[in-house]
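Novice: pasting the sequence and the predicted model now:
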Amino acid sequence: MLKKTILLGSVLVLLTSVTACQGLSNLVPLPTPTTAPTLEPATPPAPATPPAQSKPQLPDRQKIEGALRLADLSGGIVSENKNGALTLRMGRQTEQVQTNDQTMVVIPGKTNARVADIRVGDRVVADLGKDTANSTAALLLDLPSDYNMGNVLLGVVVASRRGVINLRTRAGADQVTTNAQTLVLNLSSAKPSLGSLNDFKPGNIVVAIGQESNDTFDAQVIVITDRDARDVLNRGGRNQPAPTPAPKPGT
């Protein structure tokens, strides 16, 4: 009986040891402690680069005004055309321009133009001639309201032959073509007059009004002025002779 008790006790001890070992093997091992990462201050974002400020573009009407001024011409927008008298808006001012039967009226693309053909909204260059005491316009050059800078070309004549005029402009070079309907206005004399295609000479300052076509400019009207070429090109006299100084009194 004693042997059975000892044997049974040994079995119980053995079972207890096995169960304990199995329990230890089922335990999940604790994670190995790690060092907490060091937090670095966040790099501030680079300031946004402001967009490049583009040069404000002038409206076409202001560009046309600038081109006309370079050619020593001035004009305004027609606000009224009544009984042969025009009211021109020039900036913040208005000017009254009178006409008579002798007033020459030129409208690109229109033959036998009259004062009555000038519309409100058109740009008109009024030339009184060299006699500024006379308030009646000798010439009215009308640029329709739908004309923009693509219809105006300002430059210096380099060569002219067979209906083609080569111009030097601020942008480089341009070629102007003419035909039998092209009107030539000569403003270099005391009174505005109609000229011809044979009047162009190298060095003349001209304003061509017309339509661009491919690589050429088809002129409807060409105005010859007496403006100094160096003022137009703004090149300090490059390839242009200096004007002859006026003789001093007594010399």
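Specialist: Noted; the coordinates are in hand. Numbering: from 1, shown residues only.
Novice: distance of the closest residue to V207 other than its chain neighbours from V125?
Specialist: In this structure, V207 finds its nearest non-sequential neighbour in V223, 4.4 Å apart by CB to CB, 6 or more residues apart in numbering. C-beta coordinates here come from the backbone N, C-alpha and C atoms, glycine included. Separation of V223 from V125 (CB to CB, to the nearest Å): 8 Å.
Novice: these two: which is more packed in?
Specialist: Taking other CB atoms under 10 Å, V223 and V125 do not tie; V223 has more neighbours (26 against 22).
Novice: where's that one, which helix or strand?
Specialist: Using DSSP states H and E, V223 sits in strand 216-225.
Novice: buried residues, that strand. List them.
Specialist: Neighbour counts using 16 or more other CB atoms under 10 Å place F217, A219, Q220, V221, I222, V223, I224, T225 of strand 216-225 among the buried residues.
Novice: I'd like those as CSV, with pLDDT appended.
Specialist: Below are the buried residues of strand 216-225 laid out as CSV (pLDDT from 0 to 100):
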residue, pLDDT
F217, 91
A219, 94
Q220, 94
V221, 93
I222, 93
V223, 91
I224, 89
T225, 84
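Novice: make TSV from the residues you listed and add distance to S189 to it.
Specialist: Compiled in TSV, the buried residues of strand 216-225 are given as follows (distance: CB to CB, whole Å):
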residue	distance to S189
F217	25
A219	21
Q220	22
V221	17
I222	15
V223	13
I224	9
T225	11
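Novice: what about the helices in the stretch 51-200 of the chain?
Specialist: Per DSSP state H, counting those that start in this stretch, the stretch 51-200 of the chain carries helices over the ranges 60-70.
Novice: shaky segments in it?
Specialist: Applying pLDDT under 70 to the stretch 51-200 of the chain picks out residues 51-62, 66, 128-135.
Novice: surely E65 meets G75?
Specialist: Yes. Between E65 and G75 there is a contact at 7.3 Å, judged by CB atoms under 8 Å.
Novice: report how many residues lie close to D101.
Specialist: 6.
Novice: could you pull up phi and psi at it?
Specialist: For D101, the backbone dihedrals (degrees, to the nearest 10) come out as phi -70, psi -20.
Novice: got any residues that touch both of V223 and V125?
Specialist: L73, L141 (CB atoms under 8 Å, 6 or more residues apart in numbering).
Novice: now the closest residue to E80 other than its chain neighbours: how far from N81?
Specialist: Closest residue in space to E80, ignoring its immediate chain neighbours: T87 at 4.0 Å, by CB to CB, 6+ apart. Note on T87: its distance to N81, by CB to CB, is 8 Å.
Novice: one more: D215?
Specialist: Applying CB to CB, the value for D215 to N81 is 37 Å.
Novice: and the strand holding V223, what does it pack onto?
Specialist: Secondary-structure packing of strand 216-225 (3 or more CB pairs under 8 Å, 6 or more residues apart in numbering; DSSP states H and E): strand 172-177, strand 183-186, strand 205-213.
Novice: what residues sit buried inside the longest one?
Specialist: For strand 205-213, the neighbour count (16+ other CB under 10 Å) marks I205, V206, V207, A208, I209, G210 as buried.
Novice: show me the contacts for the nearest residue to the fifth one once chain neighbours are set aside.
Specialist: So the one you mean is I209. Nearest residue to I209 in three dimensions, chain neighbours excluded: V221, at 4.4 Å (CB to CB, 6+ apart). Contacts for V221 (CB under 8 Å, 6+ apart) come out as V106, P108, L141, T182, L183, V184, L185, A208, I209, G210.
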